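Student: just coords:
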């Protein structure tokens, strides 16, 4: 049934593509190379409205993985199918193809300045079935009120179930089948990405300044349960983005996200599609949530390989700064993020009413050089480090221990045409300060990845 749905979806996309691929959508980010280094789409006052338009788009990605890993964790005695085993034994990796992932996009221009987007995953590591990522309406003009100039030129409203606009790192990450915007194969170790239900209001200044404020339910899905711990998430962004001259573009943004009480916030666990490094630094056997017995590891059940989630599900306060400079073909992008929070299931100190708040910090720096006509070829490197109280249950005499992980990824990519990207990368990730009883004690993985991306 799943394969039939995927086949029918792909067939419908192919049949409709030739008819709808050239439909003009306003205030929209293309899914091909033209969408690279696009953050919030700028206000579009040039594309004319010619009636209802519908555009079907898609993204497809395939990797070939050649990774190896190791650790020095102590033997953890477990039983699997009645036989003794080591719970800290790493999965036996070998070179091979990962699951092909795919996205389906439906964008509709309903009226002048008003569009609606439906984003779908046709295949993903964590969910192989077809499922909806989200959908929203974006309003850049008010035709029902005669298109007042002050709104058309300066304001935007976004309402629905969408990817929250926290940080600029999210605009350069791989989103399941859509890896066109990411010059590397992996996303960041601590991956700030969430889809929530709510609204955002934008102000765009002709000077290049943008201000955004948003509020959402704080949940990845709907929730109507009466609860004392169901507060909304509020967040904001201030950004300056200016093309100084034909050769130089400068952008600097600061973002903040806050939820003071949620049942299960997913700011650092919102990507249900899964990471690119399949079963890297993962155990050979694991016990699924709610299960009584260990089973063999699989990429679907252990879908966050290479990531670290601080588990701030109940309270979270995060702040991120992102500088971006592009001078001709040279491109620099940076990330500094600090986040604090807790989960109500965290261990409590003796006599404490609530768990202690934990803090983590993330830094990232990317350097790329794009060359050849239309910047068809690039080379680059990214360094990413996460450190702090990442796991409430890894403790010392003073509470949660400081842990860290760092990753270096070196990549090269080629756009033969604007709809196709071929990447090759070398990645090395190391885990520090994890205790000897933890599977990540002196763990590391490294090797090469090859990735092919189609976007239209």
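Tutor: It's in. Keep in mind the model is a prediction, meaning the values are calculated, not measured.

Student: who touches the residue positioned nearest the centre of the chain in this structure?
Tutor: By CA atoms, centre = their mean, the chain has its centre lying nearest to residue 193, at 4.5 Å. With contact set as CB atoms under 8 Å, 6 or more residues apart in numbering, residue 193 has these partners: 163, 170, 173, 187, 267, 270, 271. C-betas here are computed from N, CA, C, even on glycine.

Student: for residue 200, state which of those is nearest.
Tutor: Nearest to residue 200, judged by CB to CB, of these is residue 163 at 10.5 Å.

Student: what's the burial count for the residue lying closest to that closest one once chain neighbours are set aside?
Tutor: Nearest non-adjacent residue to residue 163, counting by CB to CB, 6 or more residues apart in numbering: residue 195, 5.4 Å away. Other residues within reach of residue 195, judged by other CB atoms under 10 Å, total 22.

Student: give the contact list for residue 195.
Tutor: Contacts of residue 195 by CB under 8 Å, 6+ apart are 133, 134, 161, 162, 163, 164, 220, 270.

Student: would you confirm that the first one contacts residue 119?
Tutor: So that's residue 133. Yes. Assessed by CB atoms under 8 Å, residue 133 is found in contact with residue 119 at 4.2 Å.

Student: give me the common contacts of those two.
Tutor: Joint contacts of residue 133 and residue 119 (CB under 8 Å, 6+ apart) are residue 103.

Student: the closest residue in space to residue 131 that isn't next to it in sequence sits in which helix or strand?
Tutor: In this structure, residue 131 finds its nearest non-sequential neighbour in residue 121, 5.6 Å apart by CB to CB, 6+ apart. Assigned by DSSP states H and E, residue 121 belongs to strand 114-123.

Student: other SSEs contacting that strand?
Tutor: Applying 3 or more CB pairs under 8 Å, 6 or more residues apart in numbering; DSSP states H and E, one finds that strand 114-123 contacts helix 2-20, strand 101-111, strand 131-139.

Student: hey, where'd the strands end up in the stretch 251-400 of the chain?
Tutor: When assigned using DSSP state E, counting those that start in this stretch, the strands of the stretch 251-400 of the chain occupy the ranges 285-286, 295-296, 315-327, 330-342, 358-371, 377-388, 395-396, 399-400.

Student: any regions of the stretch 1-150 of the chain where pLDDT drops low?
Tutor: In the predicted model of the stretch 1-150 of the chain, residues 1-22 satisfy pLDDT under 70.

Student: how close does residue 109 sit to residue 149?
Tutor: 20 Å (CB to CB, to the nearest Å).

Student: the two: which has the busier surroundings?
Tutor: Between residue 109 and residue 149, counting by other CB under 10 Å, residue 109 is the more crowded of the two (23 against 10).

Student: which residues sit in contact with that one?
Tutor: Residues counted as contacts of residue 109 (CB under 8 Å, 6+ apart) are 23, 24, 25, 26, 49, 52, 53, 54, 55, 115.

Student: before we move on, what about residue 174?
Tutor: Per CB under 8 Å, 6+ apart, neighbours of residue 174: 61, 181, 182, 185, 186, 187, 276.

Student: go on, residue 147?
Tutor: In this structure, residue 147 makes contact with 112, 113, 141, judged by CB under 8 Å, 6+ apart.

Student: can you put the residues you listed in TSV and add neighbour count?
Tutor: Output for these, formatted as TSV (neighbours: other CB atoms under 10 Å):
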residue	neighbour count
112	17
113	23
141	25
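
Student: ok, those vs residue 422, which is closest?
Tutor: So of those, ranked by how close each gets to residue 422 (CB to CB), first place is residue 113, at 36.8 Å.

Student: now that closest one, nearest residue through space, not along the chain?
Tutor: Closest to residue 113 by CB to CB, 6+ apart is residue 141, at 2.3 Å.

Student: pretty sure that neighbour contacts residue 149?
Tutor: No. Using CB under 8 Å, residue 141 is not in contact with residue 149, being 9.8 Å away.

Student: if we can go back for a sec, any idea what the residue nearest to residue 131 is bridged to?
Tutor: Bridge pairing for residue 121 (DSSP bridges) gives the partners residue 103, residue 131.

Student: quick one: it from residue 264, how far?
Tutor: Here residue 121 is placed at a distance of 21 Å from residue 264 (CB to CB).

Student: who has more neighbours out of the two?
Tutor: residue 121 (25 against 15).

Student: what is the rounded mean pLDDT of stretch 337-344?
Tutor: Stretch 337-344 shows a mean pLDDT of 96.

Student: secondary structure element for residue 453, which one?
Tutor: Using DSSP H and E, residue 453 falls in strand 444-455.

Student: run through the neighbouring helices and strands of that strand.
Tutor: With contacts taken as 3+ CB pairs under 8 Å, 6+ apart, strand 444-455 sits against strand 53-70, strand 420-432.

Student: sheet-wise, list the partners of the longest one with their directions.
Tutor: So the one you mean is strand 53-70. Neighbouring strands of strand 53-70 in its sheet, by DSSP bridges, are strand 96-97 (antiparallel), strand 101-111 (antiparallel), strand 444-455 (antiparallel).

Student: ok, back up a step: using the three-state scheme, assign the residue nearest to the centre of the chain.
Tutor: Put simply, residue 193 is coil when judged by DSSP: H, G, I helix; E, B strand; the rest coil.
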